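Student: would you be able to build a 3D model of this:
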Amino acid sequence: MAKINGNEIRPGSIIDHDGGLWAAVKVNHVKPGKGGAFAQVELKNLRDGRKLNERFRSEDKVDEVYLEMKDQQFLYESDGKLVFMDSESFEQIELDADLLGDRRPFLQDGMTAAVRYYGEEPLAVTIPQKVTCKVAETEPVVNGQTASKSYKPAILDNGLRVMIPPFVGAEERIVVNTETFEYSERA
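Tutor: Residues are numbered from 1 along each chain as shown. Have a look, this model is predicted:
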């Protein structure tokens with residue numbers, strides 16, 4: 001852990017504060033007309049998801065924490081737990097499926113995900129930004145609609161609904177952005 005000043009906190013910084021590990025979600029630097037400058041920081045607890053708004057002055061010292069990232073392969077899901085395997089040591093770990101939130105349907109067997117650790121404790125899982133999925137259901141392709149900028153609804157093989165261009169048909173493979181849940185390109 002490194003000590004940093006309160007005004008050095010940036011979005012994405014992870015700090016040890018108030019007996020827990022917190023990620024800075026939003027940071028707003030304020031310089032009032034009267035008094036000293038401060039950073040208004042929205043924090044999210046990495047262990048239980050609680051949110052907290054905290055004010056840090058520039059002279060406040062906070063402990064910045066660095067999390068180790070390890071690439072791990074997803075094996076399977078069992079009773080709400082996701083099982084990952086370290087590709088070097090072949091150790092298996094179980095994580096709550098809630099860690100992925102609404103991105104859980106994008107996790108595919110054999111996919112490599114980045115698991116962030118604090119010491120030996122896994123805290124977060126990051127899946128690739130773009131994932132290939134198959135279109136399970138959509139309206140049929142209509143000739144002459146390829147030039148328009150309209151989109152049509154589709155249901156993917158993982159059950160998610162996305163909007164796709166009219167020229168993409170059922171059973172085709174597409175690339176979907178896992179952050180925005182939007183069509184990116186044909187696979």
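Student: with adjacent residues omitted, what lies nearest to residue 5?
Tutor: Spatial nearest neighbour of residue 5, chain neighbours left out: residue 58 (5.5 Å); criterion: C-beta to C-beta, 6 or more residues apart in numbering. Where C-beta positions appear, they are placed from N, C-alpha and C, glycine not excepted.
Student: wait, what's in contact with the one you found?
Tutor: For residue 58, the contact set (C-beta atoms under 8 Å, 6 or more residues apart in numbering) comprises 5-7, 36-39.
Student: do that again at 7 Å, thanks
Tutor: Neighbour list for residue 58: 5-7, 36-37 [criterion: C-beta atoms under 7 Å, 6 or more residues apart in numbering].
Student: what distance do you get for it to residue 29?
Tutor: Between residue 58 and residue 29 the distance is 9 Å, computed by C-beta to C-beta, to the nearest Å.
Student: common neighbours of those two, please.
Tutor: In contact with both residue 58 and residue 29: 7, 37, using C-beta under 7 Å, 6+ apart.
Student: ok, residues contacting stretch 38-46?
Tutor: In this structure, residues lying in contact with stretch 38-46 by C-beta under 7 Å, 6+ apart are 6-7, 9, 17, 20-30, 51-57, 123-124.
Student: and it, what's buried?
Tutor: For stretch 38-46, burial by neighbour count (16 or more other C-beta atoms under 10 Å) applies to 38-39, 41-44, 46.
Student: with stretch 63-76 instead?
Tutor: For stretch 63-76, a neighbour-count test (16+ other C-beta under 10 Å) marks 64-65, 67, 70, 72-74 as buried.
Student: list just the nearest of those residues to residue 118.
Tutor: Here the nearest of the buried residues of stretch 63-76 to residue 118, counting by C-beta to C-beta, is residue 67; it sits at 5.6 Å.
Student: contact partners for the closest one?
Tutor: For residue 67, the contact set (C-beta under 7 Å, 6+ apart) comprises 14, 116-118, 123.
Student: now do 6 Å
Tutor: When the contact criterion is C-beta atoms under 6 Å, 6 or more residues apart in numbering, the partners of residue 67 are 116, 118.
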